[in-house]
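Q: need coordinates for the below:
(one chain, ligands or ions: 1)
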Amino acid sequence: MKICRTIKEVKKEISRWKAAGETIGLVPTMGWLHEGHLSLIRNAKKGSDKVVVSIFVNPMQFGPGEDYDSYPRDLDRDAKLCKKKGVDLIFAPDVEEMYPEGFCSYVDMTALTGELCGKTRPIHFRGVQTVVNKLFNIVTPDNAYFGEKDAQQLAVIKRMVKDLNMNVKIMPCPIIREEDGLAKSSRNSYLSPEERRLAPIIHKALDMGRDMIKNGERDSGKVIKAISDMILSVGITRIDYVSIVDALSLKPVDRIEKDILCACAVYMGDSARLIDNFSLEI
Ligand code: PAF
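A: From the prediction side, this is the model:
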């Protein structure tokens with residue numbers, strides 16, 4: 001397994017593979033890999049001849065006061081995991097390599113990013129789209145693998161690829177959970193033992209909301225209130241949002257009549273903000 005720190009090195013390796021007719025799967029990550037990332041890698045191994053994992057904590061997608069500085073980083077640990085899983089190449093650039101002096105071009109969109117996480121993280125998706133676009137241009141993957149935990153990110157990337165006629169297939173992969181239901185996330189490492197004990201309520205509350213809808217409830221407000229009340233009932237005090245949005249437009253719906261995404265973000269303690277969701281076909 002190769003670890004490349006520069007764009008030039010990656011491009012050289014990719015050209016060799018392409019010349020040999022091999023397909024490339026990209027798993028974009030910010031590192032501190034967990035079982036969720038490893039499942040993306042497993043899918044990539046199944047669907048592509050060569051697998052590239054990018055590891056880059058992208059400053060452009062963090063707003064002021066967010067956890068860019070404290071985001072966990074350990075390239076040696078991640079490299080060992082990748083090697084074990086049969087990854088062919090890690091691309092781990094530094095910030096100057098990705099955003100050299102004078103960098104001033106961005107990818108942005110005029111819809112899909114105004115609700116859910118985009119409300120409290122207004123510059124986040126512009127940063128995600130820009131870095132993912134750069135990674136696609138550098139690695140030129142046939143397939144790129146993204147987790148459904150970041151449902152809004154997945155919707156934004158799918159839209160960007162469609163709108164800009166990008167030559168890559170987006171492969172969504174299911175949420176991977178701990179045994180008690182908590183969605184796996186690099187940010188779970190911020191949780192104190194007590195916060196970790198409480199955190200599975202997020203998934204339980206969403207499951208309860210899903211059951212309400214399956215049993216015929218069509219009033220979003222009632223479902224949102226029930227989910228929020230259940231999360232707050234264990235002593236969690238700060239919910240960023242619980243929302244039910246149209247699965248395609250990501251606009252909030254009052255009545256649940258078409259396919260929806262129900263998503264939430266919950267603050268735990270000072271530093272963790274956990275997200276989770278479910279989608280439902282109506
Ligand atoms: O999901 C993530 O880890 C990041 O948002 C991504 C897609 C790697 C872009 O930095």
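
Q: quick one: pLDDT of the residue nearest the centre of the chain?
A: Among the residues of the chain, the one closest to the centroid is residue 150, at 3.7 Å (Cα atoms, centre = their mean). The model reports residue 150 with a pLDDT of 98.

Q: before we move on, which element is residue 195 in?
A: Using DSSP states H and E, residue 195 sits in helix 193-198.

Q: about what we covered before: now do the same contact list for the residue nearest to the centre of the chain.
A: Each residue near residue 150 by Cβ atoms under 8 Å, 6 or more residues apart in numbering is listed here: residue 275. From N, CA and C alone the C-beta is placed, and that goes for glycine too.

Q: how near is it to residue 126?
A: Remark: distance between residue 150 and residue 126 (Cβ to Cβ, to the nearest Å) = 15 Å.

Q: swap in residue 114?
A: Per Cβ to Cβ, residue 114 is found 12 Å from residue 126.

Q: and residue 71, by the same measure?
A: Applying Cβ to Cβ, the value for residue 71 to residue 126 is 18 Å.

Q: also residue 48?
A: In terms of Cβ to Cβ, residue 48 sits 28 Å off from residue 126.

Q: more crowded one of these two?
A: Neighbours per residue, other Cβ atoms under 10 Å: of residue 48 and residue 126, the larger number sits with residue 48, 23 against 18.

Q: tell me who's in contact with that one.
A: Counted by Cβ under 8 Å, 6+ apart, residue 48 has contacts 23-25, 141-143.

Q: of those residues, which is the nearest to the ligand?
A: Distance to the ligand, by Cβ to the nearest ligand atom, is smallest for residue 141 among the contacts of residue 48, at 12.8 Å.

Q: which of the three states applies to that closest one?
A: For residue 141, the assignment made with DSSP: H, G, I helix; E, B strand; the rest coil gives coil.

Q: how about the residue lying closest to residue 203 once chain neighbours are set aside, secondary structure?
A: With Cβ to Cβ, 6 or more residues apart in numbering as the criterion, residue 203 has its nearest non-adjacent residue at 3.7 Å, and that residue is residue 181. When classified by three-state DSSP, residue 181 comes out as coil.
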